[in-house]
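# take a look and give me a structure for this.
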Amino acid sequence: MALKILFSPSESKISLNTNDKFDGKNLIFSELFGKRAEILKRYDEFLKSANLDEIKKLFGLKELEDSEQLRESLSKKGSIKAILRYDGVAYKHLNYRGLSDEAQKYIDNNVLIFSNLFGPILAKDEIFEYKLKQGEKLAGFDISKFYEQNFSKAVDS
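All right, here's what the predicted structure looks like:
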């Protein structure tokens with residue numbers, strides 16, 4: 001694997017989707033899809049069964065209205081490249097859309113983002129819109145530790 005540029009996710013994300021459905025099998029480290037799917041299933045089930053206060057805690061929000069969209073199944077969510085999904089300061093300054101095609105391709109294949117929900121993903125990997133406060137556990141389950149234990153070897157190679 002070539003030298004990778006490491007990027008952190010951002011709390012703010014755009015709602016735009018370029019594809020109608022999320023397909024997690026296309027993310028980097030496809031051989032570990034089963035592990036990633038465990039987390040996504042836990043997240044999906046949590047949103048369907050948790051009360052509003054539990055969801056607010058997971059999202060790191062003080063105010064939140066319950067809605068169908070909030071509890072929508074992950075299988076129904078659309079997706080967009082991770083580098084376009086995140087909308088924080090670093091992503092705005094990168095100005096991905098303003099870069100040449102060659103520069104975008106380089107970023108797509110060489111920027112590794114450490115997502116709070118998806119774990120390590122490439123900039124080109126398509127993800128759905130989500131909320132998850134950094135370091136927050138999912139019903140007591142430590143997501144970051146899970147990804148560290150299961151993906152570190154793949155990231156390091």
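# pLDDT score for the residue lying closest to residue 60 once chain neighbours are set aside?
Using Cβ to Cβ, 6 or more residues apart in numbering and skipping the chain neighbours, the partner closest in space to residue 60 is residue 133 (3.1 Å). No exception for glycine: its C-beta is placed from N, CA and C like everyone else's. On the pLDDT scale, residue 133 is placed at 91.
# can you give me the neighbour number for residue 133?
When neighbours are defined as other Cβ atoms under 10 Å, residue 133 has 14 of them.
# where does it fall, secondary structure wise?
For residue 133, there is no enclosing helix or strand under DSSP states H and E.
# is it true that it touches residue 62?
No: counting by Cβ atoms under 8 Å, residue 133 stays clear of residue 62, with 11.7 Å between them.
# got the contact list for residue 39?
By Cβ atoms under 8 Å, 6 or more residues apart in numbering, residue 39 lies in contact with 117-119, 138, 143, 146-147.
# low pLDDT regions in the protein?
1-2 (pLDDT under 70).
# what's the longest helix in it?
Criterion DSSP state H: the longest helix present in the chain is helix 33-49.
# I'd like the next helix or strand past that helix.
Next along the chain from helix 33-49, counting by DSSP H and E, comes helix 52-59.
# need the helices for the chain, in chain order.
33-49, 52-59, 82-85, 89-94, 101-110, 143-156.
# so for residue 73, which of those helices sits nearest?
helix 33-49 (6.3 Å; Cβ to Cβ).
# what angle separates that closest one from helix 52-59?
140 degrees (axes from the mean of the first three to the mean of the last three Cα atoms, to 10 degrees).
# quick one: helix 33-49 to chain centroid distance?
The chain centroid and the centroid of helix 33-49 are separated by 12 Å under Cα atoms, centre = their mean, to the nearest Å.
# tell me the buried residues in that helix?
Within helix 33-49, the residues scored as buried using 16 or more other Cβ atoms under 10 Å are 35-36, 39-40, 43-44, 46-47.
# count the residues that sit near residue 9.
Neighbours around residue 9, by other Cβ under 10 Å: 23.
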